[in-house]
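sequence below, structure please.
(one chain, ligands or ions: 1)
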Amino acid sequence: MLEKSIDVLSPFRLFTLDIILRAGFGLDAQVQTDPDPEMVEKALTVLETPVYVRAMTMFPFYKQVKEFFDVDLSQHSPYFIALSKSILEKRKISSSGRRDLFQLMLEARDETAEGTQKLTDEEIVAQSVLFLIAGSETSGTTMTFFAFYLAHHPDVQEKLLCEIDHAIRSRGDAPIGEFVQSLQYLDRVVSEGLRHSSVAFGNVRQCMETCVINGVEFPEGVSVNIPAYAIHRDPDFWPEVILTVPLSVLELNL
Ligand code: HEM
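Numbering: from 1, shown residues only. Sure thing, here's the model as predicted:
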């Protein structure tokens with residue numbers, strides 16, 4: 001039994017925010033070493049939906065209230081929109097010298113398809129706000145789950161380290177993406193961690209036209225929730241040991 005509890009969520013969130021700002025936007029914001037306190041505070045609380053908004057989502061009239069009062073499930077949208085706009089203006093003047101996410105969007109902005117601009121400034125800002133919000137919280141929280149599991153399964157951690165050490169020694173000139181894809185045990189650990197504790201515990205789709213699937217009618221306009229959390233723990237799909245002991249799937253050689 002582990003005795004001491006430490007906060008890994010905060011450094012992991014900052015780490016992932018740092019990576020997204022660097023890889024996606026070519027921005028050296030020094031989030032981990034010399035952070036802008038306002039940016040950090042806003043990034044760390046961006047998905048903290050106020051309790052009254054969470055309560056409202058349970059009622060059928062939520063959709064109308066949301067539209068009428070322009071309710072936002074995430075906080076600080078104006079701050080992140082302003083941040084993205086300022087990055088866009090800077091990047092229009094000078095490139096980061098890398099073909100990062102922002103560069104790809106800027107290239108699409110300069111292209112047209114059938115006379116229409118592929119991406120407008122507004123769409124670039126919207127996409128980058130989404131990257132900032134969707135990327136850092138999800139990845140930081142996921143890494144926190146993994147740290148927890150690895151702390152409880154030192155054998156898995158040891159095997160993972162061995163794989164990574166060995167792969168680094170024999171990496172050669174392989175590009176980083178290809179290199180990471182080649183780490184098969186890491187892939188299994190990540191997949192199992194995401195199965196057990198996914199921050200994205202459900203997906204939603206809207207039904208565009210009435211249809212019947214497996215005898216169930218879905219009327220046009222309804223939202224269909226796909227419960228990933230329940231599917232990931234459905235005894236019809238998973239042996240019991242996997243459902244009760246996280247990471248035990250790694251021992252089963254499935
Ligand atoms: C463990 C980490 C992550 C998890 C579990 C996760 C999960 C998800 C899920 C479930 C969706 C919705 C898919 C759908 O309903 O179609 C989604 C969408 C999205 N995610 Fe992630 N995500 C992660 C990391 C990231 C990162 C690092 C970025 C970008 C830097 C990112 C950017 C996006 C974007 C842009 C969308 C919207 C895609 C669209 O509009 O179709 N996510 N993510």
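
going forward, measure contacts between C-alpha atoms and count neighbours the same way
Noted.

surely T112 and T120 touch.
No: taking contacts as CA atoms under 8 Å, T112 lies outside contact range of T120: 10.3 Å.

quick check: the residue in the chain that the ligand sits nearest to vs A151, distance?
At 3.4 Å from the ligand, G135 is the closest residue in the chain, using CA to the nearest ligand atom. With the distance defined as CA to CA, to the nearest Å, G135 ends up 24 Å from A151.

neighbour-wise, which of these two wins?
Neighbour comparison, G135 and A151: the larger count goes to G135, with 16 against 13 (by other CA atoms under 10 Å).

for the more buried one, give me its contacts.
The neighbourhood of G135, defined by CA atoms under 8 Å, 6 or more residues apart in numbering, consists of T16, L17, I20.

now name the helix or strand holding the first one.
Element membership for T16 (DSSP states H and E) is helix 9-25.

and that helix, average pLDDT?
Helix 9-25 shows a mean pLDDT of 87 in the predicted model.

between helix 9-25 and the following helix or strand past it, find me the angle.
Reading on from helix 9-25 to the C-terminus, the next helix or strand found by DSSP H and E is helix 37-45. If you take axes from the mean of the first three to the mean of the last three CA atoms, to 10 degrees, helix 37-45 sits at 110 degrees to helix 9-25.

residues making contact with helix 37-45?
Helix 37-45 is contacted by residues S10, R13, L14, L17, V31, Q75, H76, I133, E137 when judged by CA under 8 Å, 6+ apart.

the ligand contacts on the stretch 51-200 of the chain?
The stretch 51-200 of the chain comes close to the ligand at residues L130, F131, A134, G135, T138, S139, T142, S198, V199, A200, as judged by CA under 6 Å from any ligand atom.

just the buried members of the residues you listed?
Buried by 16 or more other CA atoms under 10 Å: F131, G135, T138, S139, T142, S198, V199, out of those.

thought the fifth one was touching A200?
Right, T142. No: counting by CA under 8 Å, T142 does not reach A200; the two are 9.8 Å apart.

what do those two both touch?
What both T142 and A200 touch, as defined by CA under 8 Å, 6+ apart, is an empty set.

low-confidence stretches in the protein?
Within the chain, the stretches falling below the threshold (pLDDT under 70) are 1-2, 72-73, 241, 245-254.

try 50 this time
For the chain, applying pLDDT under 50 flags the ranges 254.

before we move on, back to that, and the furthest pair within the contacts of helix 37-45?
V31 and Q75 (19.5 Å; CA to CA).

which residues touch the nearest residue to G24 once chain neighbours are set aside?
Among residues not flanking G24 along the chain, L101 sits closest, at 4.6 Å (CA to CA, 6 or more residues apart in numbering). With contacts taken as CA under 8 Å, 6+ apart, L101 has the following neighbours: A23, G24, F25.

need those in JSON lines with neighbour count, can you?
Shown next, in JSON lines, are these (neighbours: other CA atoms under 10 Å):
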{"residue": "A23", "neighbour count": "16"}
{"residue": "G24", "neighbour count": "19"}
{"residue": "F25", "neighbour count": "23"}
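
wait, which of the residues you listed is closest to C162?
The nearest member of the contacts of L101 to C162, counting by CA to CA, is A23 at 27.0 Å.

isn't that closest one up against D100?
Yes: applying CA under 8 Å, one finds A23 in contact with D100, separated by 6.0 Å.

right, and the helix or strand after the longest helix seen in the chain?
In the chain, assigned by DSSP state H, the helix with the most residues is helix 121-152. The first helix or strand that comes after helix 121-152 along the chain, using DSSP H and E, is helix 154-169.

between that following helix and helix 121-152, what angle do the directions make?
When the same axes, to 10 degrees is applied, the directions of helix 154-169 and helix 121-152 differ by 120 degrees.

tell me the buried residues in stretch 137-151?
Of all the residues in stretch 137-151, those buried under the rule 16+ other CA under 10 Å are 137-147, 149-150.
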